[in-house]
Each structure stands twice: as C-alpha cells, then as structure tokens.
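1. sharing a model prediction with you, sequence too.
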Amino acid sequence: MSAAREHFGSRLGFILAAAGSAVGIGNLVSFPVAATKSGGGAFLLVYALFVFLICLPVMMAELALGRKSDKDPVGAYRQLSGGSTLWRIPGWFALITPYMIAVFYMVVTVWVLGYLVETLKGNLDVLATESYFGTFINSKVVFLYLIVLMLLINGVLSLGVKDGIERAAKTLMPMLFVLLLGLVVFVLTREGAGTGLSYYLIPDFSKLDAEVVSKAMSQAFFSLSLGMGIMITYGSYMKKRDSIPGSAKAVALTDTMVAFTAGLLILPSVFHFNPNIDPSTLSDSSAGMIFLFLPKIFLSLQDGIGYFGASAVAAIFFFLVFVAALTSLVSIIEVPIASLRDERGMSRKKAIYTVAASQFILAVLCAMSFGMADWLTQFVKLAGSDKSFFDLVEILFYDTILPLNGLLVCLFVIYKWKRANFDRELQEGDSGFAGTLSQKYVNFSLGTFIPFILLIIFINTVALKFF
Ligand code: PHE
C-alpha cells in the first residue's frame, strides 16, 4: 500500500501554491495587452465579472472533485462516476491537456530565461534589435535552457507537495508581489505614465463586441488555471478542514489583482517609450510583446537612468515573468505526475522521470517549429494556413480542449456526481456556506449558463480555428 496522500501544510500554503499556478505569463503580459486593445476599463470590468461569476464556481467544482476523491483527475472522474466508462473520457482529457499545454508553455518560458540571462550579461541593446528574437529562438542554446528549466521544475517537484511545491510558492510568490509593486512604482513615476494609465483604466464601451467578450472569458479561464486538471489535483492535496469557497475566492482575487497590477506596469511603460503610440497597433500575442516590444521599451529607459539602470529594470521584469511561469509549470506538470502515481502506483521519482523524458522530446519538437525543421514548421494546414507543431499544440489544447474540459467539469459535478454531494463537499471546512446566496448561485450557475457559455466558446473556436 502506498503512503498516505501528501497534503499542503497550511491554508495559506495552498492559496499561494494555487495562486502560483494561476499567476503566469497570462497575467503579466496577455492581460494588460488585451485590456488596452479592447476598451481598457470596459475590458477590466467584463473580465472581473467573468472571473467571479463564471470561473470561480468552476474552480470550486474542480477543487471539490479533487478533494472528495483524493485522486488525480483520471481517478477523480472514475471514482465519483462510480466507474462509468463514458465519464472516463473527461478524466483523460484533464490529464492530456495539462501535459500538452506544459510543453508549449515550457518553450515560451525557455525564451524568457534566455532573455533574462542575456540581460544579466549586459546585452539589453542586442535584445532590442529587430532581428534578435528570430535568431535566438532558432539557436541551439534554447535546448540548454530547456534542460536548465526542466531541472528547476523537476527539482521542486521531486521534493513533494509540502516541501517542494508549497515551499517554492511561499518563497517565490511574496517575492513576485514585492518586485512587481516595486516596478510599478518606478514606472508610474516616469514621464508619460499618465497617458498610459488613462488608456488602461478609462472604459471605452464601444470596443466591447462579441469577440472581445469571448476573449475576456477565455483569458479569465486560462488565467485561473481551469480546465487543466490542476485544481482537481491541488484539491486532492487540500485538507478537509479548509474551506473550498474561501480558498478559491482568495486565489481568484490574488490572480486578478496581479493581472490588474501588471497593467499598471506595461501600459505606462509603453507610453513612456512612445507618447504618440496607438495602442491598437500593439501585437496581439504575448510573445510579440515580451520579446519584440518590451526590450525596446526597457532600453529607452537608459536616457533617464543609464544603461545599467535600464538593464536592471529589464532583468527584474524578465525574472518576474520567469518566476510566474515557473510556478505555473510546477503546478501543471504535477498533474501527470499525480496520475502516474495514483493510477500506475509509480513512486514520485519514477513518475517525474517518465513525464520529464517524454515532455523533453515534445518540447524539443515544439522548439524546432520556428524554422529549425521544415516539417515541424509546416506541420499541418488548418483553416487554410500552415501551422507549425507548436501552433497545433496550442490550438488543439489551449484554444479548443480547455473550454471543453470546463464544460465537462460543470456537467459532471451537477448531473453525474450530483448537486447534493457537491454541496456536502463544499460544506466540509465551511459549514457556514450552506444556504447562502453564494451557494445557491454556484449550484444554479454550474448546472445552467456556465456550461452553456463554455459550449459556445468551444463551438466558436472549432469553427474559427479548424475550418
Ligand atoms: N494561469 C497561467 C497563466 O496565466 C496559465 C498556466 C497555468 C499555464 C499553468 C501553464 C500552467 O499564464
């Protein structure tokens, strides 16, 4: 018989670990860019509504599934469905999705690490040149960084839930908050900051169309690490005496605050760099922002604080993004590890080696999708255009299966596992939750409009990306 299941040591430990998962590149970069391009304060408002009215109930559902079953996602669906064959499918989805998302997210994180190292070496001016990014992602050194990154992630994971994941989150997350705030204060005192702030904060409701609303929804869902089996797995490490609704609220609030704060950093910086910029011309992709645009912005700071100062600011920023991505990767890779342990009875060590070896190969293929190998660069044709292997993984798992997984969680919890059981699990550690308006809302929404909204997003993505 295997040893007793590991648990997070404290409620705060859980909240920080889950927030570590939720706070990632999505918060620090994608969110501010999306907000600026899509109506500023109006986007913020829609985003916040989605986080609290739609994503929060889904997070509670995932945590409850994990904690009740004490299992990884595959085991959770199997156990709570009473062994149904059909309901095994979402369990498998909730395992394969994080496994594959981890692969493409690792590649982007490797680039961040590369930019951090170059900045520390004094090469910010080189990073700011137009052609650097293309050259960098096609150089062999990315494989070296990939190895370093995997050693770091798996080093944390090998120490286990409490001594690895929780301890890393307890050290890194407060550091991330402090550095982020420090950078914000610095940027807000630069010239041009006010213009950036007004673009970010003043609502422009005319920009809100169906596409923007759907973007806000997907962004919120991804940002809270939902649909990836992570919250199911982390739920299985929660103690019975801790409140699921309370902890989920704390995680959602932290994640949203960090995203909001990151906007206070990015936008004023953009306007400091170019007061006449039209924000709608900013690149849509986080990668474009981090690797092409931001290095130029950081370099421009040298007029005020010198090259060394500008490099220090850049290094802190890349470090922040790196730490945020690292704690997200730790959480997402814990999912397949938990599955191998729970389903195959492997030791933590053996599970780590198995996952790491196979993910390394896939990550190498993703990293070679940008020109190193033609067959990977033009891997498939979707919706009339060539897509690389990297693109395919992103489109399939991040864009498409993620909302589907969310939809399946809602349907499963309410209609298969059943409301009464779900309610009982939410009341464990939070007896006051029963009968409250929040409880009624969570129950009603998960069985009705939340799955409906996720279904529409899913159908829309399939239509858009594949045909
Ligand atoms: N929440 C993360 C983000 O905002 C998403 C993520 C979670 C990515 C876990 C990878 C692993 O970037």
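-> Thanks, I have it. Residues are numbered from 1 along each chain as shown.

2. where's residue 446 relative to the ligand, distance?
-> 21 Å (C-beta to the nearest ligand atom, to the nearest Å). In this view, the C-beta of every residue, glycine as well, is placed from N, C-alpha and C.

3. in contact with that residue, which residues?
-> Contact partners of residue 446, counting by C-beta atoms under 8 Å, 6 or more residues apart in numbering, are 57-58, 61, 410, 413-414.

4. repeat the analysis, applying 10 Å as the threshold.
-> 54, 57-58, 60-61, 409-415, 419, 422 (C-beta atoms under 10 Å, 6 or more residues apart in numbering).

5. again with residue 274
-> Residue 274 neighbours (C-beta under 10 Å, 6+ apart): 192, 296-297, 300.

6. do the same with residue 371
-> Here residue 371 is in contact with 134-135, 137-138, 377, 388 (C-beta under 10 Å, 6+ apart).

7. do the helix or strand where residue 352 lies and the ligand meet?
-> In this assignment (DSSP states H and E), residue 352 forms part of helix 348-367. No: Helix 348-367 lies apart from the ligand when judged by C-beta under 6 Å from any ligand atom; the minimum separation is 12.6 Å.

8. tally of neighbours for the closest residue to residue 218 other than its chain neighbours?
-> In space, and not counting its chain neighbours, residue 218 is closest to residue 457: 6.4 Å by C-beta to C-beta, 6 or more residues apart in numbering. Look at residue 457: counted by other C-beta atoms under 10 Å, it has 20 neighbours.

9. circling back to that earlier point, write the ChimeraX selection for whichever of the contacts of residue 371 are buried.
-> Restricted to buried positions by 16 or more other C-beta atoms under 10 Å, the ChimeraX selection for those reads:
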select :137,377,388
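
10. and the contacts of residue 371, which two are furthest apart?
-> Comparing all pairs in the contacts of residue 371 by C-beta to C-beta, the longest separation belongs to 135 and 388, at 17.4 Å.

11. what's the burial count for the residue lying closest to residue 16 once chain neighbours are set aside?
-> Distance criterion C-beta to C-beta, 6+ apart; nearest residue to residue 16, sequence neighbours excluded, is residue 169 at 4.2 Å. Look at residue 169: counted by other C-beta under 10 Å, it has 27 neighbours.

12. same thing with residue 170?
-> Neighbours of residue 170 using other C-beta under 10 Å come to 17.

13. and the closest residue to residue 352 other than its chain neighbours, what pLDDT?
-> Leaving out its chain neighbours, the residue that sits closest to residue 352 by C-beta to C-beta, 6+ apart is residue 154, at 5.3 Å. For residue 154, the pLDDT comes out at 97.

14. likewise the one 3 residues further on?
-> You'll see residue 157 listed with a pLDDT of 98.

15. list the contacts of it.
-> 164-165, 168, 329-331, 333-334, 337, 348-349, 351-352, 355-356.

16. show the buried residues in those residues.
-> For the contacts of residue 157, buried by 16+ other C-beta under 10 Å: 164-165, 168, 329-331, 333-334, 337, 348, 351-352, 355-356.

17. could those go into CSV alongside pLDDT?
-> Shown next, in CSV, are the buried ones among the contacts of residue 157 (pLDDT from 0 to 100):
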residue, pLDDT
164, 96
165, 97
168, 97
329, 98
330, 98
331, 98
333, 98
334, 98
337, 98
348, 96
351, 98
352, 98
355, 98
356, 98
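
18. in the helix or strand where the residue nearest to residue 352 lies, what counts as buried?
-> Assigned by DSSP H and E, residue 154 falls within helix 141-158. The neighbour-count check on helix 141-158 (16+ other C-beta under 10 Å) flags 142, 145-146, 149-150, 152-154, 156-158 as buried.

19. and which of the residues you listed is nearest the ligand?
-> Minimum distance to the ligand across these is 10.7 Å, recorded for residue 153 (C-beta to the nearest ligand atom).

20. so what's the nearest residue to that closest one once chain neighbours are set aside up against?
-> Nearest residue to residue 153 in three dimensions, chain neighbours excluded: residue 329, at 5.2 Å (C-beta to C-beta, 6+ apart). Listed by C-beta under 10 Å, 6+ apart, the contact partners of residue 329 are 20-21, 24, 101-102, 105-106, 109, 149-150, 152-154, 156-157.
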